[in-house]
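K.L.:
Sequence unavailable; structure follows:
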């Protein structure tokens, strides 16, 4: 039961922390004793270094004529300057994690492919050396019987090994 109360309290705290700043204006100033005060109430008029925190700029400025209206993007605070919400931070974190997993997966895949190519290259070199050694070489035919390669078959195997090496030994 205590766990449920703690969970409900944590959820309420997070919701309050994320909802409240969207509706309230926040002020920051130093009081007479030099302490920094952050409040949703405006500072006393005597405070000279007071400033607003997290105030959104108006999206339209009305002047003497309709031509003085400005674009929303020009007046809006820059995304890099605005503090990120917890949800945005979490989304960024998850995005970075996914990118890291994708990068690691791609690197592992590339390493596996490179190893397969290297192994195929080495095998083709060994087979080519065996073919060019003029020692008798046997292969299994369709019936599963061992059959020695004749000169024509030997030449075909040599060409096939050269093609494999050309692709795998880059």
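P.N.:
Alright, I've got the coordinates. Computed from a predicted model, the values in this text were never measured in an experiment.
K.L.:
so residue 38 is in which element?
P.N.:
Per DSSP states H and E: residue 38 is located in strand 36-39.
K.L.:
partners of that strand, with directions?
P.N.:
Paired strands of strand 36-39, with direction, are strand 26-30 (antiparallel) (DSSP bridges).
K.L.:
Now do the partner strand, average pLDDT.
P.N.:
Averaging pLDDT along strand 26-30 yields 81.
K.L.:
Report the buried residues of that strand.
P.N.:
By 16 or more other C-beta atoms under 10 Å, the buried positions in strand 26-30 come out as 27, 28, 29. Any C-beta I mention is one placed from the backbone N, CA and C, and that applies to glycine too.
K.L.:
pretty sure residue 130 contacts residue 138?
P.N.:
No. With contact defined as C-beta atoms under 8 Å, residue 130 does not reach residue 138; the gap is 11.0 Å.
K.L.:
more neighbours, the two?
P.N.:
Using other C-beta atoms under 10 Å, the more surrounded residue of residue 130 and residue 138 is residue 130, with 13 against 10.
K.L.:
For residue 137, see how far away the more buried one is.
P.N.:
To residue 137, residue 130 is 6 Å away according to C-beta to C-beta, to the nearest Å.
K.L.:
coming back round to it: got the buried residues of strand 26-30 as JSON lines, with distance to residue 95 columns?
P.N.:
Below are these laid out as JSON lines (distance: C-beta to C-beta, whole Å):
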{"residue": "27", "distance to residue 95": "33"}
{"residue": "28", "distance to residue 95": "31"}
{"residue": "29", "distance to residue 95": "37"}
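K.L.:
any idea which of these is closest to residue 164?
P.N.:
For the buried residues of strand 26-30, the closest approach to residue 164 (C-beta to C-beta) belongs to residue 28, at 71.1 Å.
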